[in-house]
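Enquirer: Here's my sequence, what's the structure:
(one chain, ligands or ions: 1)
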Amino acid sequence: MVFRKLPGVSASGMGLRLSQKFVFLLFLSGLVTLCFGALFFLPDSVRLKRIFLSKTDTQPVTVGSGSENDAREHLKRPKEQEHGPRGMTPAKGETNSSKLKSLSRKPPVSHEATEERLAGGKAQEDLTLPRSRTDPSGSEKATTPDRGANSDTFSYQKFKSCLLKAPLGRDNGKPSDPKTNERREKVKEMMKFAWDNYKRYAWGKNELRPLTRNGHIGNMFGGLRGASIIDSLDTLYVMGLMEEYNDAKEWVQTSLDLNSNGEASLFEVNIRYVGGLLSAYYLTGEELFKSKALELGEKLLPAFNTPTGIPRGVINLGSSGTSWSWGWASAGSSILAEFGTLHLEFVHLSELSNNAIYKEKVMNIRKLLNKIEKPHGLYPNFLSPVSGNWVQHHVSIGGLGDSFYEYLIKSFLMSDKTDDDAKKMYYGALEAIEANLVQKSAGGLTYLAEWRGGILDHKMGHLACFSGGMIGIGADDGAPEKRQHYLDLAAEITHTCHESYTRSATKLGPEAFRFDAGAEATATRLSDRYYILRPEVIESYMYMWRLTHDPKYREWGWEAVEALEQHCRAESGFSGIRDVYTTTVSHDNMQQSFFLSETLKYLYLLFSDDDLLPLEDWVFNTEAHPLPIVRKNCLQDEATQDKTVSE
Ligand code: DMJ
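Expert: Next comes the predicted model:
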């Protein structure tokens, strides 16, 4: 049989014309593109992606700069990433003004009005946790009924009655000395300036870029927005900036969307968002903040689904709940300062939800760390969430380690001094730090070196400067004969950190300073010369002022205010600077959210009376969000006794 070729029809083309074949192929390739597009761009495609990508490929490289904590450590990164998370410009079409316009203005609520409202009993109307999400691993959910999940049982009024003092003091902490009051007013003006510019140019974004007058979103918060708003709530409230506070609250009500599907730093979301919301709730009694904190807290739980229960650093906030270790952390390890800085917030999540699960998660971390063998009693910075072993022996009181130690002593204080394990671990760690890391420089400065498997690196990071305050607040509860010793050590470290400021041309301190090769509290590397509006040195001034009332701490705080004004204040907000050793200023174009939550709050407290957020009632989380001491004896009256969170 002979096939005769018909004109326009190919022999192999199933009888299709060339043009028809072309259309068919076009359609087919469109279909394939669509399938792959869906695979990679639709939400919740992560597991499918894994089929195509290797495990390393699925590391959230877009979150690349790591936690803020870590970002400072990673100086090998490209310049743009050196100063912590950086990078994205606002999405096209998102303007600040459009969001601003949509916010209807309500009359501001004053401190007094909040108090009245609470007295009216409205604060007790709790919202319940959302109950629909499932945990992908099938492990416990925040709403497990037999754990007594019931947010209705927390009584805000009862909580208030258990405080020893009014949170805002007699006169909102106004100092009687006019000069101090003037300084305090100056700090308040700085906060208003920083806030107004954020509101004007970056509303709803995470941070303000003060030079380019736009917003920064970054990739630390997994698609959550408004980090500067959440971080500012309590500062605005404490400073009595009520119109601004009301704008912030309204944004939380109308625009804080927790249904994000991005990859976030567990640590950063916890300290800034959960901490900020909890703090705003405890200060104001607004149920909105509590329900948002609980909703977000629940989204963080899948990060703990590891063989050891040690959470990984990065979590997908969407329904997949997938978690990863940071790509840069050796051998898939978790970071001490990250998984060790959850305790305060998670204890409060359990308190407010009456659900033990949050507390159990962090108690499990505690137990593992307590049990594991520690080289010379020290806690290395990297731990495997799979084996529960240390991954390598780098120890630091600065980045990667810092707030783990802070949370040990603060857990003890926040438990109304009942958490004996935390106490033991803290003083044990401090002893090891003193034996191995505390050094005296040739010029007589006390500093904390870093430890690399037994070898000392004579470098101290700006981040490590929080330790003056930490050692100070822990001085009372160690061995009584060591009280003065701890106070002296705290004062010496704070003095050294102050020296790192006074020895620079700008009177602001570098990211890291060294004590070798002739250096004394100065940066020797170009890459360490920057200052990104960090709070740690001022934080220690504030604690040391409260503990000693030595006027030098207020003077040092004022020096910092003047330096910030001179070198970091730009036309449209505050900015970090690239080199503290030159007065020819080069701004980094970033107003970090911790400047609003920490640096300015600590300065304000430094110039306030001690009865503003008294330390008898409050501990500050590592982002300076005040959380109340949990007074079990007072909170557990007969009605609530049987619903206690189990230890
Ligand atoms: C803040 O986000 C927190 O203080 C954190 O613990 C480490 N440092 C930054 C500010 O420097």
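Enquirer: which SS class is His485?
Expert: helix (DSSP: H, G, I helix; E, B strand; the rest coil).
Enquirer: Quickly note the distance from it to Val274.
Expert: 35 Å (CB to CB, to the nearest Å). Backbone N, C-alpha and C define where each C-beta goes, glycine included.
Enquirer: got it, and Gly285?
Expert: 18 Å.
Enquirer: Over to Pro385?
Expert: For Pro385 relative to Val274 (CB to CB), the value is 20 Å.
Enquirer: more neighbours, these two?
Expert: Taking other CB atoms under 10 Å, Pro385 and Val274 do not tie; Val274 has more neighbours (28 against 24).
Enquirer: does that one count as helix, strand or coil?
Expert: helix.
Enquirer: thought it was touching Leu296?
Expert: Yes. The criterion here is CB atoms under 8 Å, and Val274 meets it with Leu296 at 5.7 Å.
Enquirer: Any regions of the chain where pLDDT drops low?
Expert: By pLDDT under 70, the weakly predicted segments of the chain are 1-152, 637-647.
Enquirer: give me that answer again for 90
Expert: 1-153, 319, 330, 635-647 (pLDDT under 90).
Enquirer: Ignoring the adjacent residues along the chain, who's closest to the spatially most central residue of the chain?
Expert: A centroid search over the chain (CA atoms, centre = their mean) returns Ile271, at 3.2 Å, as the residue closest to the centre. Computed as CB to CB, 6 or more residues apart in numbering, the closest residue to Ile271 that is not its neighbour in sequence is Glu623, at 4.3 Å.
Enquirer: burial count for the one you found?
Expert: Glu623: 27 neighbours (other CB under 10 Å).
Enquirer: For it, give its distance to His376.
Expert: Taken as CB to CB, the span from Glu623 to His376 is 30 Å.
Enquirer: Now do the SS call for the closest residue to the ligand within the stretch 201-350 of the chain.
Expert: Per CB to the nearest ligand atom, Ile271 is where the stretch 201-350 of the chain lies closest to the ligand, at 6.1 Å. With three-state DSSP as the basis, Ile271 sits in helix.
Enquirer: Quick one: residues contacting it.
Expert: When contacts are counted by CB atoms under 8 Å, 6 or more residues apart in numbering, Ile271 touches Thr341, Glu345, Ser403, Asn621, Thr622, Glu623, His625.
Enquirer: one more time with 10 Å, if that's ok
Expert: 67-69, 231, 265, 338, 341-342, 344-345, 403, 407, 594, 597, 621-625 (CB atoms under 10 Å, 6 or more residues apart in numbering).
Enquirer: What ranges does the stretch 401-550 of the chain have for its helices?
Expert: For the stretch 401-550 of the chain, the helices defined by DSSP state H, counting those that start in this stretch cover 402-414, 420-436, 467-473, 483-502, 536-548.
Enquirer: Would you mind saying which of those lies nearest the ligand?
Expert: Within the helices of the stretch 401-550 of the chain, the stretch nearest the ligand is helix 402-414; the backing value is 4.4 Å (CB to the nearest ligand atom).
Enquirer: Is the ligand within reach of the closest one?
Expert: Yes. Applying CB under 6 Å from any ligand atom, one finds helix 402-414 touching the ligand at Ser403.
Enquirer: Which residues of this structure lie near the ligand?
Expert: Near the ligand, when you scan the chain using CB under 6 Å from any ligand atom, you find Glu68, Asn69, Ser403, Leu463, Arg534, Pro535, Phe594, Glu598, Thr622, Glu623.
Enquirer: one more time with 8 Å, if that's ok
Expert: 68-69, 72, 268, 271-272, 337, 341, 399, 402-403, 406, 462-463, 466, 532, 534-536, 539, 592, 594, 597-598, 622-624 (CB under 8 Å from any ligand atom).
Enquirer: Which PyMOL command selects the buried ones in those residues?
Expert: This is how PyMOL selects the buried members of those, with burial counted by 16 or more other CB atoms under 10 Å:
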select buried, resi 68+69+72+268+271+272+337+341+399+402+403+406+462+463+466+532+534+535+536+539+592+594+597+598+622+623+624
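Enquirer: next one: the helix or strand Lys160 falls within to chain centre, how far?
Expert: Lys160 belongs to helix 156-161 when assigned by DSSP states H and E. In terms of CA atoms, centre = their mean, to the nearest Å, the centre of helix 156-161 is found 27 Å from the chain centre.
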